[in-house]
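A.B. asks: generate a structure from the sequence data that follows.
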Amino acid sequence: MTSVPITQRVQLESSRHLAPAFTLIFLAPFIAEVLRGATRVSYFFVFVPEMMVWGCGALIIRELVRRWGGGWTSILLLGLALAVAEECVVQQTSLAPLPWPAVSAGYGRRYGVNWIYFLYMLGYESVWVVAVPIQVTELVFPRQREVQWLSNGGMITSAVVFMLGARAAWYGWIKIARPEKFHAPDYYVPWWLMVVALVVIALLMVASFAARDVGRRDSTTRMAPPWWAMVVAAMVFGFPWEWLMALIFGVRSTQPFWVSMALGVAWAGFAYLVIRYWSVGRGWSDLHRWGVTFGAVLVCMVAGFAGSGTWPPMDLVGKWVFDVAAAIGFALLLWEILRRRESDDDLEV
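C.D. replies: I've put the predicted structure just below:
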């Protein structure tokens, strides 16, 4: 048998790890922005800085948690930190007055923060930008699930690309999109709000490291639910989250905003606890993980059609094309998971 030179083996191993890394960089903004319809064909050029920010951000989070030996609780906490950075430091959309035409744009705005919008984005960005794309990528590359994908140099490079993307996103939104497209007046975020945001980011990072042992598989005799039920469960938990956006862009609400905030936080906590309870049961497998992620992506795709009646035809057709392509991709992934499962069963026999 011919031996492979060590340099070629190192290059081969590096390419195997780069494939999932670049896949995640693409999937993070594709799932959260393109399938959602927030990034459409008519201005698809913004997908590049989105990969730099969302893609590299999700990749850095995944790599940090692997280095810490943490689980999905740690990933979600770092996802919250990334959301705070985006909403309060980079594009500041949760601090500046909302520039979009909305029925209740000022609903929940107190002390310089758009609280309802901010809460929605914390959940959306930590789950659909970070957790779901990471899970999908690890389903596509199951053999690289437990290993690090980046060297220390790769981490530094990703961090530099992230910072450059964040700068581009800040300039594109604050200096171009807000004043020129939405004709929003200049708004300067108070310095103390920025300081609070940075402190919160630091605390979430510490909490993520401290929670690295949370969520590990417990010793239990409880069986996990059927895998197909996870598709329905993800939609049941996901669609009510869109209610927060309806409070701003839909009908006017007469209830105090803090009631809406409390209900949203309670729903998010309930969803986390239930899915974590199921995931530590016996029999939890890649099929269950596929069900959760596919259901979450369906929420993203369906909810993205809200307001599409005013889109140009090119954007509407583009969204349908991307959604159908994503559905086909998930179907192929399911087929591959089932094939791998049958192969593993044959080996055990």
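
A.B. asks: just the helices in the stretch 1-150 of the chain please.
C.D. replies: Remark: helices assigned in the stretch 1-150 of the chain by DSSP state H, counting those that start in this stretch are 6-29, 47-50, 56-68, 72-84, 115-124, 132-140.

A.B. asks: I'd like to check the angle between the longest helix belonging to the chain and helix 132-140, please.
C.D. replies: Longest helix in the chain, counting residues (DSSP state H): helix 313-348. Between helix 313-348 and helix 132-140, the angle comes out at 40 degrees (axes from the mean of the first three to the mean of the last three CA atoms, to 10 degrees).

A.B. asks: which stretches of this structure have low pLDDT?
C.D. replies: Low-confidence segments of the chain, defined by pLDDT under 70: 1-16, 215-220, 344-349.

A.B. asks: need the strands for the stretch 101-250 of the chain, in chain order.
C.D. replies: Assigned by DSSP state E, counting those that start in this stretch, the strands in the stretch 101-250 of the chain fall at 109-110, 113-114.

A.B. asks: what about R66, neighbour count?
C.D. replies: Counted with other CB atoms under 10 Å, the neighbours of R66 add up to 17. Using the backbone N, CA and C atoms, a C-beta is placed for each residue, glycine as well.

A.B. asks: was I right to think it contacts R145?
C.D. replies: No: contact criterion CB atoms under 8 Å: R66 and R145 do not qualify, at 9.5 Å.

A.B. asks: need the residue closest to the centroid of this structure.
C.D. replies: V129 (1.6 Å; CA atoms, centre = their mean).

A.B. asks: measure the closest residue to it other than its chain neighbours to H288 for me?
C.D. replies: Computed as CB to CB, 6 or more residues apart in numbering, the closest residue to V129 that is not its neighbour in sequence is A32, at 4.4 Å. According to CB to CB, to the nearest Å, A32 stands 22 Å off from H288.

A.B. asks: got it, and W320?
C.D. replies: Distance from W320 to H288, by CB to CB: 29 Å.

A.B. asks: the more surrounded of these two?
C.D. replies: Just comparing W320 and H288: by other CB under 10 Å the higher neighbour count belongs to H288, 23 against 13.

A.B. asks: that one: which element?
C.D. replies: helix 286-303 (DSSP states H and E).

A.B. asks: run the chain-centre distance for that helix.
C.D. replies: Remark: helix 286-303 is offset 12 Å from the chain centroid, using CA atoms, centre = their mean, to the nearest Å.

A.B. asks: elements contacting it?
C.D. replies: In terms of contacts (3 or more CB pairs under 8 Å, 6 or more residues apart in numbering; DSSP states H and E), helix 286-303 is packed against helix 132-140, helix 229-238, helix 257-279, helix 313-348.
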